[in-house]
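Novice: Turn this into a structure:
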Amino acid sequence: MSQLKVTGITRRFGGLVAVDALDLTVEKGAIHGIIGPNGAGKTTLFSMISGTLAVSGGRIEFEGRDVTGLPPHRTVSLGMVRTFQRSAVFHHFTVVENLLLGTHLLARPTVLGSLFGSHRRFTSADLEAAEEILCFIGLADYRDAAAETLPLGHQRSLGIGIALAAKPKLLMLDEPAAGMNRTESEALMQLIRDVRDRMGATVLLVEHDMQTVMGLCERITVLNFGRKLAEGRPAEIAADSAVIEAYLGLDEDAQAVAAHA
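Specialist: Model prediction:
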């Protein structure tokens, strides 16, 4: 059963076509990866799906509903929650405060002032939800630490925790493993599996780290120059000569793809 269906989606920037009549189907309960060289249109695609960038053409359906052109707060309210390439945390707040803010900020873009105002009071239910997520993402020991003091891997986990506070049905992760060492990446991979297996969220991710993609995703879509180059299971993608050729010149990615072929 498909949870997200994208049909003929296109984005033009003047004379440049960043995404060109792309079709994409993400099955419910899947961990689906999107890869491709720099400039392939991956983040542009994410931005259109999440509503932060208008589409030039095509249709986006979520759980059978047309969501094309909906603003981000509407897509979030439907259960489509996106993280961004950089760790989206409130650096000067504690870990638990980040999660408390996340219970409201993602779903209500107009309440930023009230969240930081003195009249904002969180309920016991808010705190309970934040504490549950805190344990789930493995940061209970850092509850009262300032987010800016966390190592990169923990900041990324916290960013996912903030997204989880919005109770996503579809969690969209934009380069979650960027800049991580292998130990951090492996911990992140397990957290993402837990998000799917224990929280029931479908996961769609853009990622350059091929070891993470190949070890985590059940299905992979490859973009190149805004078009779909290939799609399939990791073993199929790793053995696809067109995919390997598209990564030539990107040494680390080319080597990682070839190693799995």
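
Novice: I'd like to know how many residues surround the residue nearest to Glu131 when sequence neighbours are not counted.
Specialist: Closest residue to Glu131 apart from its sequence neighbours, by CB to CB, 6 or more residues apart in numbering: Val96 at 7.2 Å. The way it works is simple: take the backbone N, C-alpha and C, and place the C-beta from them, glycine included. Around Val96 there are 21 other residues, counting by other CB atoms under 10 Å.

Novice: Could you grab the helix/strand/coil label for Val96?
Specialist: Per DSSP: H, G, I helix; E, B strand; the rest coil, the secondary structure class of Val96 is helix.

Novice: Then Phe46?
Specialist: helix.

Novice: Check the gap between it and Ala18 for me.
Specialist: Distance of Phe46 to Ala18, given as CB to CB, to the nearest Å: 12 Å.

Novice: quick one on the thing from earlier: show me what contacts the residue nearest to Glu131?
Specialist: Val96 is in contact with 130-131, 134, 143-144, counting by CB atoms under 8 Å, 6 or more residues apart in numbering.

Novice: Can you go through those and name the buried ones?
Specialist: In terms of neighbour count (16 or more other CB atoms under 10 Å), the buried residues within the contacts of Val96 are 130, 134.

Novice: Out of the contacts of Val96, which sit inside helices?
Specialist: Among the contacts of Val96, the residues falling in helices (DSSP state H) are 130-131, 134.

Novice: What's the local residue count around Ser2?
Specialist: Ser2, neighbours per other CB under 10 Å, totals 16.

Novice: oh, I was asking about Thr202
Specialist: 23.

Novice: What's the per-residue pLDDT of it here?
Specialist: At Thr202 the predicted local confidence, pLDDT, stands at 98.

Novice: do you know how far it is from Phe84?
Specialist: 19 Å.

Novice: do you know how far Thr221 is from Ala18?
Specialist: 16 Å.

Novice: Same drill for these two, tell me which one is more crowded.
Specialist: Thr221 (25 against 21).

Novice: And the pLDDT at the more buried one?
Specialist: Reported pLDDT for Thr221: 97.

Novice: beta partners of it?
Specialist: Assessed by DSSP bridges, Thr221 has beta-bridge partners Ile34, Glu231.

Novice: right, and it touches Thr25 too?
Specialist: No - look at Thr221 against Thr25 with CB atoms under 8 Å: they stay out of range, at 9.3 Å.

Novice: then whichever helix or strand Met189 is part of to CSV, C-alphas only?
Specialist: For Met189, the host element (DSSP states H and E) is helix 182-199. The C-alpha trace of helix 182-199 is given here as CSV (Å, rounded to 0.1, in the frame of the first residue of the first chain):
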residue,chain,number,x,y,z
ARG,A,182,31.0,5.3,11.3
THR,A,183,30.1,4.7,15.0
GLU,A,184,27.7,7.7,14.9
SER,A,185,26.2,6.6,11.6
GLU,A,186,25.6,3.0,12.9
ALA,A,187,23.8,4.4,15.9
LEU,A,188,21.7,6.7,13.7
MET,A,189,20.8,3.8,11.5
GLN,A,190,19.5,1.8,14.4
LEU,A,191,17.5,4.8,15.6
ILE,A,192,15.9,5.1,12.2
ARG,A,193,15.0,1.4,12.2
ASP,A,194,13.4,1.9,15.6
VAL,A,195,11.4,4.8,14.3
ARG,A,196,9.9,2.6,11.7
ASP,A,197,9.6,-0.7,13.7
ARG,A,198,8.5,0.7,17.1
MET,A,199,6.8,4.0,16.1
